[in-house]
Structures are given as structure tokens and as C-alpha cells.
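# all I have is the shape, not the residue letters:
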């Protein structure tokens, strides 16, 4: 780890920086995981001084690792003293030259390592990178010299063509070794544990295939509407915002083959291979929905088209469900039902493997229809891994019912569980790319959805409405039924 580090957050006045990045950096500082000499420099268009930037940052900081009030206050004071701010336009070379001057003043030279985090809309990635590259702040370091790295947030383009174009434009400034494409879901503790669960426990791997698994269900849902993200979300929609990235990363970790080693290159090789084994999604296997108004709670809940900043006739989908197949020896014939949506019946991100039925039911008199075993990996909320099995209910009669072997993280692990951005930012500083997305992995994920997205958008049809707070549109159940799937709740 470099002894001297400048962490430059481009877009430092925005929600991502204030709500996630700066609190994550403070948590790392509180644990003494940042270099001895570091500075955080915010860069954005919003006029602020160092003092007002620090005051705004302080509002979101919490002492998760040092709850003692006096210690917490001292840590905050020391951390905020290392936070600075430069105002400027993202595409302006002169503004980034001002940033370079400020870095010289703070560090005495430009010799330290530099981490640029582009916490800005993807539409201005290219202009920002170009302006940044013109300043001389981006250097390709030889081994042992201070490094320069850049972190970019999804979505990476709107389709395969725009993604490739964005990658090419960024490559003019940053080489691939310097580029960290972040999907914060890969920083979730339960998803990081998925490889350990699969490959460090002999019991699971023999069953982790089409012989024993009937279907896989991957879900991401929120019980809130679009909120303050109207402008961004209406331009991208739920497939690009969640399904093409978060859900494909969850699918890849679930379905990949054992890597040759527990190393970044080997893990990402297997993720690429499994995504390349997924044929392009057929439009008929994709259901899109948009939430409608519902009378629930004080004042009810507005329809998507009635949300502030959403055009009245918007055809943007807020829900999507798809059935995908992995055409390899391990998974051929197993449907992967993936769904994501806003304004649904509760928050949940989870993976469920439903196993095949027992060949012969010896207990038909006690329980005529044996429910299948299920392994559920709940990413959020209340992280847990549980296995549903059939047990005898204690008593003099033979009575069977499903029950759970349950590992709840809060119970099993009393220590503080790191936030996703804490894990990922620390990995960037260390130079570990295991949890970041490679260019060919990104291309493989886009290839799954590209044709279907273009076909649907060419039709310009409104998504199927569903009530705010429901489980989704009617088409969800119809899609599942066509593929022989049952969609019982996971939580």
C-alpha cells in the first residue's frame, strides 16, 4: 500500500459520494486501513469551500467501529481535516488543472498514488476522463512507483455498442490495469461468501448441478418507488439499472465452475465463461412492468408516471422478469428465473436453489406432497443462509412439515459486518481486482440482453402496470408457469 495517497471523488457533492463513499472512507480510517498520508479531495460543480464540504460530509458520518462518543468525535475531526474541495466543470481541462494545483499544495508534489472515483452520471464519463487525461494527472506507473487508478460506476453504457464505445474512450486515458468497474453488490458479505459456501464445503458441490437442482430464482426488489433518481432512472430503466449488472453478477457466482485458484484472474475467467454460456434473452421470455398508484398508508402511493421528474407518458420499466438458460454440462435444462423491481411488496435480494423432488415418497400418508428442499442465500435485508428440509414434528404421531436450518449473520457473527463500499474501496487501494468487472465480462453480460432490449424498445409499448406494493405484474406468474416454475416467497 502506498504511503501517500490522494483519493479524488469526482462528483463529490452527489448522493453516492455523500451517502456511501465518504462514510466508507471514514470507516476505513477508523480501522486504520488507509495509508498514513492520505487526502480526500472532492471535485464537483456545486460551489463549496473546504469548510462547507466538511460540514456536509460530517452529516453522514457514523462511528460503526468506534461507538465511544469522545473517540468518535476525535476521529471525525481528524478525518475531516484531511478532506478538501475543488469546484469545477467535469469536462473542463482548466478545472482539472486547478485540481492538479490543489494536489500539489496538499502533497508538496504529484509523486503520491492517486485514486479517481467517478461518482458521476455515465453520460459524462468520456468528457471527464478526456479532461482529466489532459492534465498529466494520470500516469502509467512502473512496478514500485506510485500508481493511478480509476473507479467507474454502472451502468456501463446503454447497450453493447455504447458500452464498447465507452470502454474505448476510457482506454485512451486509463489502461485496463488502472480501471476498476465497480458493482457494489460484489462487495456484499453474503455474495463474497458464496464461493466459500460452494467450494469449501464438500456437501454442496456434488448437488450443485442439473441432476439435483430443478430451478434457480434470483430476486432483487425494493418497496420504494423511484425517489430522487427520476432523471437517471427514466433514462435507463430497471433492466439496465439492476438486471444486466447486479443480477448477472449473482447468476455468475451461482453458476460458475470452480476457479483454478482463489485469485482475481481465475475467478473472473470462470465468471466470463458462464456468462458466455447464456444465450441471448428471447423477447418472449422477458416481462416488463411499471408500478401504478395504490392506496396504502398516509396519502397512498403514486404511480411511476406521477412521480416528480417523470414524463407523464413514460414507457420506462420499473419491473423486469426473465427466464435465462446456462447452456453447459452443469446447468443445461435448468431455468434461471431472474426478477427485479421497485415499489414491490418488500425489500429483498436473494438467490434460491430449488432441488428436485424425492424419487419415492415413503411418507405419503403423513405428507402426500413433499415440498422440495431449498437453499436460500439472502443478501439483504438481514443477511442469512438457510436450507429448507422436511422434518418429523415431535410427538406420538408421524407428522411432517418443512423447517429451516438457518444461519443468520447477526446471530452467528456479532462483529460489525463491513459495508460493500468499505470492502471495494479497500480492494482498489490494495490493487485487488477480484470483485471488479473485466471488459470481456461486461461484454458477455450485455450480449445476453442487447437484442431483447432493442426489440422491446422498438415496439414502444407501455409496460404492464402493477399496483404499488404488490408482487409485480400478472405477466410474472404467466412467464413462470410457461417454464414450469413455482414462485413461492423466499423470505
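Perfect, thanks for sending it. As the structure is a computational prediction, the values presented were derived from the model and not from experiment. Residues are numbered from 1 along each chain as shown.
# list the residues that contact residue 222.
341, 342, 343, 344, 347 (C-beta atoms under 8 Å, 6 or more residues apart in numbering). C-beta coordinates here come from the backbone N, C-alpha and C atoms, glycine included.
# please repeat the previous calculation with a cut-off of 10 Å.
For residue 222, the contact set (C-beta atoms under 10 Å, 6 or more residues apart in numbering) comprises 242, 318, 340, 341, 342, 343, 344, 346, 347, 348, 349.
# do you know how far it is from residue 406?
Applying C-beta to C-beta, to the nearest Å, the value for residue 222 to residue 406 is 24 Å.
# and for residue 323?
For residue 323 relative to residue 406 (C-beta to C-beta), the value is 29 Å.
# who has more neighbours, the two?
residue 323 (21 against 13; other C-beta atoms under 10 Å).
# hang on, the more buried one packs against residue 283?
No. Using C-beta atoms under 10 Å, residue 323 is not in contact with residue 283, being 11.9 Å away.
# tell me where the stretch 151-300 of the chain has strands.
Ranges of strands in the stretch 151-300 of the chain, per DSSP state E, counting those that start in this stretch, are 179-182, 213-221, 286-292.
# possible to save those strands as a markdown table with mean neighbour count and mean pLDDT?
Formatted as a markdown table, those follow (neighbours: other C-beta atoms under 10 Å; pLDDT from 0 to 100):
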| stretch | mean neighbour count | mean pLDDT |
| --- | --- | --- |
| strand 179-182 | 22 | 91 |
| strand 213-221 | 22 | 96 |
| strand 286-292 | 24 | 96 |
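# residue 332: which of these is closest?
strand 213-221 (11.6 Å; C-beta to C-beta).
# ok, residue 85 to residue 51 distance?
9 Å.
# neighbours around residue 19, how many?
12.
# would you say residue 101 is within a helix?
Yes. Counting by DSSP: H, G, I helix; E, B strand; the rest coil, residue 101 is found in a helix.
# what about residue 85 and residue 51, which has more around it?
Using other C-beta under 10 Å as the criterion, residue 85 and residue 51 rank with residue 85 on top: 24 against 10.
# run me through the strand neighbours of the helix or strand in which the more buried one is found, direction for each.
Applying DSSP states H and E as the criterion places residue 85 in strand 83-87. Sheet pairing for strand 83-87, assigned by DSSP bridges, gives strand 37-44 (parallel).
# just the buried residues of the partner strand, please?
If you call a residue buried by 16 or more other C-beta atoms under 10 Å, then strand 37-44 has these buried ones: 38, 39, 40, 41, 42, 43, 44.
# ok so, going back, how about the contacts of residue 222 in a markdown table, adding neighbour count and secondary structure?
Formatted as a markdown table, the contacts of residue 222 follow (neighbours: other C-beta atoms under 10 Å; DSSP: H, G, I helix; E, B strand; the rest coil):
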| residue | neighbour count | secondary structure |
| --- | --- | --- |
| 242 | 25 | helix |
| 318 | 32 | coil |
| 340 | 26 | strand |
| 341 | 28 | strand |
| 342 | 25 | coil |
| 343 | 29 | coil |
| 344 | 26 | strand |
| 346 | 12 | coil |
| 347 | 13 | coil |
| 348 | 19 | strand |
| 349 | 24 | strand |
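# can you list those in TSV and add distance to residue 164?
Below are these laid out as TSV (distance: C-beta to C-beta, whole Å):
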residue	distance to residue 164
242	21
318	27
340	24
341	28
342	29
343	33
344	33
346	37
347	34
348	33
349	29
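# need those residues in a markdown table with pLDDT and distance to residue 212, can you?
Converted to a markdown table, these look like this (pLDDT from 0 to 100; distance: C-beta to C-beta, whole Å):
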| residue | pLDDT | distance to residue 212 |
| --- | --- | --- |
| 242 | 93 | 29 |
| 318 | 96 | 35 |
| 340 | 97 | 27 |
| 341 | 96 | 30 |
| 342 | 95 | 34 |
| 343 | 94 | 36 |
| 344 | 94 | 30 |
| 346 | 91 | 29 |
| 347 | 93 | 30 |
| 348 | 94 | 25 |
| 349 | 94 | 24 |
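# among those, which one lies nearest to residue 69?
For the contacts of residue 222, the nearest to residue 69 is residue 347 (30.9 Å; C-beta to C-beta).
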